[in-house]
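Colleague: the sequence and its predicted three-dimensional model are supplied below.
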Amino acid sequence: MNCELCGKVMDRYHEVIIDGVTMKVCHDCAKYGKEVTRKPLTVQREQTPHPLQPRNFVHVSPPPPPRRRTSDDVDDADEPIVDFGKVIKKRREEMGLSQEELANKLQEKKNVVAKIEREEIKPDKQTARKIEKVMGVRILEKVQ
């Protein structure tokens with residue numbers, strides 16, 4: 001075996017820690033590190049529980065019941081009216097609000113409000129209901 005520090009061939013080695021690294025070195029190089037002392041390993045037996053002691057069990061709860069569909073999930077019959085963008089823009093101007101002010105009241109982005117007014121996008125049900133509540137106009141109608 002060779003010394004890991006100087007490379008000298010050795011019969012017996014010393015296990016030392018040099019700069020935080022454990023190395024197998026010769027007797028001459030052992031002075032540069034701290035000798036590693038090995039503790040004898042002891043095997044611990046697992047203790048078997050006493051027959052009269054209660055055992056710990058993990059309680060597994062049953063899975064939750066399937067989620068019921070809400071009216072929003074089932075009711076797909078609400079659609080925006082034909083000229084919803086014009087109605088929203090007219091009402092916004094009557095209220096004296098800018099697109100940015102309306103967007104803040106609706107908690108939406110200004111770009112979303114602008115696209116809805118230009119009818120580039122249709123508002124989803126949640127946004128449409130917010131518009132109806134804040135502006136006091138009906139933009140959703142039932143479709144059979």
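Modeller: Perfect, thanks for sending it.
Colleague: and the nearest residue to residue 32 once chain neighbours are set aside, its phi and psi?
Modeller: If the residues on either side of it in the chain are set aside, residue 32 comes closest to residue 18, at 5.6 Å by CB to CB, 6 or more residues apart in numbering. Heads up, the C-betas are built off the backbone N, CA and C, glycines and all. Main-chain torsions, residue 18, degrees, to the nearest 10: phi -120, psi 120.
Colleague: okay, now residue 18: neighbour count?
Modeller: The tally of other residues near residue 18 (other CB atoms under 10 Å) stands at 15.
Colleague: need the contact list for it.
Modeller: By CB atoms under 8 Å, 6 or more residues apart in numbering, residue 18 lies in contact with 5, 25, 32-34.
Colleague: which one (most neighbours) among these?
Modeller: With neighbours taken as other CB under 10 Å, the top of these is residue 25, carrying 22 neighbours.
Colleague: wait, that residue sits on residue 8?
Modeller: No. Assessed by CB atoms under 8 Å, residue 25 is found out of contact with residue 8, at 9.0 Å.
Colleague: so residue 109 sits against residue 100, correct?
Modeller: No. Look at residue 109 against residue 100 with CB under 8 Å: they stay out of range, at 9.6 Å.
Colleague: any common contacting residues for the two?
Modeller: By CB under 8 Å, 6+ apart, no residue touches both residue 109 and residue 100.
Colleague: what segments of this protein are strands?
Modeller: Counting by DSSP state E, the chain has strands at residues 14-18, 21-25, 34-35, 78-80, 140-142.
Colleague: who wins for proximity to residue 129 among those strands?
Modeller: strand 140-142 (7.3 Å; CB to CB).
Colleague: which parts of that closest one are buried?
Modeller: By 16 or more other CB atoms under 10 Å, the buried positions in strand 140-142 come out as residue 140.
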